[in-house]
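Chemist: Everything below, folded, please.
(one chain, ligands or ions: 1)
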Amino acid sequence: MRSKIVAGNWKMNKNLAETEALLTELSAKLPDTTAEVMVAPNFVNLVTAKQSLESSTIEVIAQNMHFAESGAYTGETSGDMLLDIGIDTVIIGHSERRAYFGETDEILEKKVKAALAKNMRVMFCFGEELTDRKSDNHFNVVGGQIKNALFSLDASAWSKIVLAYEPVWAIGTGETASAEQAQEMHAFIRKTITDGYDAAVANNVSILYGGSVKPANAAEIFSKPDVDGGLIGGAALVADDFAAIIKAI
Ligand code: PGA
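Modeler: Take a look at the predicted model:
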């Protein structure tokens, strides 16, 4: 179901005490909203985060998972392990996983399928690099990322997919896509899904924008018709900023 979503990707930030402190502050400052609000703390702090937010509407999600059920995969975490601690939404395909951990479209497709097989919700990230945009290849790259990892799914599986378009050149750089650039790409993404499936599937999927979303630019980006929310990195680490971004939606 298409819904408004604001998710905070904490990446490799915040120790245990800091996680508790940020969640306490965020809970206190959480504005009234009909949007879904999510946070993705580091793995070692997920259980504590779940406990801290027990009586909150804020959902705890994971930053990654492995595609295997279990076994000899040192350092990895399975879908069942996440479900066991009450986490049923997972980010897959973040550009940092692609760039630093060699996650290819093929690996990501396996991860998406593994999560969906467990009835988990997937927040699937993708986006072009600066060179792709400069060479006017950004639509091809984004279309390819979506098709390669997701187009083998049944139409019904898409009810469990959230998309997050994150141009790599805008992540953590302070440089953000303009609201027009975001809308243009989001409309392209929806058309790609319409062409591969149908309009119903395309219109039901939430498409988030990510990449240097801040309190100052959130409202304009979120005002675009095909932008259903944001995946927030740096600004999600500051309760006032994240609360302001939630308010903007
Ligand atoms: P940023 O990160 O908001 O710090 O640019 C976004 C993301 O990586 O999800």
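Chemist: so what's residue 174 scoring on pLDDT?
Modeler: Note for residue 174: predicted pLDDT of 80.
Chemist: List the contacts of it.
Modeler: Applying CB atoms under 8 Å, 6 or more residues apart in numbering, we find residue 174 in contact with residue 212. To be clear about C-beta, it is placed using only N, CA and C from the backbone, and glycine gets the same treatment.
Chemist: do residue 34 as well
Modeler: Counted by CB under 8 Å, 6+ apart, residue 34 has contacts residue 4.
Chemist: Helix, strand or coil: sort out residue 192 for me.
Modeler: Put simply, residue 192 is helix when judged by DSSP: H, G, I helix; E, B strand; the rest coil.
Chemist: which of the residues in stretch 160-176 are buried?
Modeler: Residues of stretch 160-176 classed as buried by neighbour count (16 or more other CB atoms under 10 Å): 160-171, 176.
Chemist: same check, this time on stretch 182-198
Modeler: For stretch 182-198, by 16+ other CB under 10 Å, it's 182, 183, 184, 185, 186, 188, 189, 190, 192, 193, 196, 197.
Chemist: do the helix or strand that contains the first one and the ligand meet?
Modeler: Read that as residue 182. Using DSSP states H and E, residue 182 sits within helix 179-196. No: contact of helix 179-196 with the ligand is not found when judged by CB under 6 Å from any ligand atom; the minimum separation is 13.0 Å.
Chemist: do stretch 81-91 as well
Modeler: No: Stretch 81-91 does not reach the ligand (CB under 6 Å from any ligand atom); its nearest approach is 8.2 Å.
Chemist: Reformat the buried residues of stretch 182-198 as JSON lines; add distance to residue 155 and pLDDT.
Modeler: Listed next are the buried residues of stretch 182-198 as JSON lines, based on distance: CB to CB, whole Å; pLDDT from 0 to 100:
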{"residue": "182", "distance to residue 155": "26", "pLDDT": "97"}
{"residue": "183", "distance to residue 155": "25", "pLDDT": "98"}
{"residue": "184", "distance to residue 155": "25", "pLDDT": "98"}
{"residue": "185", "distance to residue 155": "23", "pLDDT": "98"}
{"residue": "186", "distance to residue 155": "20", "pLDDT": "98"}
{"residue": "188", "distance to residue 155": "20", "pLDDT": "98"}
{"residue": "189", "distance to residue 155": "16", "pLDDT": "98"}
{"residue": "190", "distance to residue 155": "15", "pLDDT": "98"}
{"residue": "192", "distance to residue 155": "14", "pLDDT": "98"}
{"residue": "193", "distance to residue 155": "10", "pLDDT": "98"}
{"residue": "196", "distance to residue 155": "9", "pLDDT": "98"}
{"residue": "197", "distance to residue 155": "5", "pLDDT": "98"}
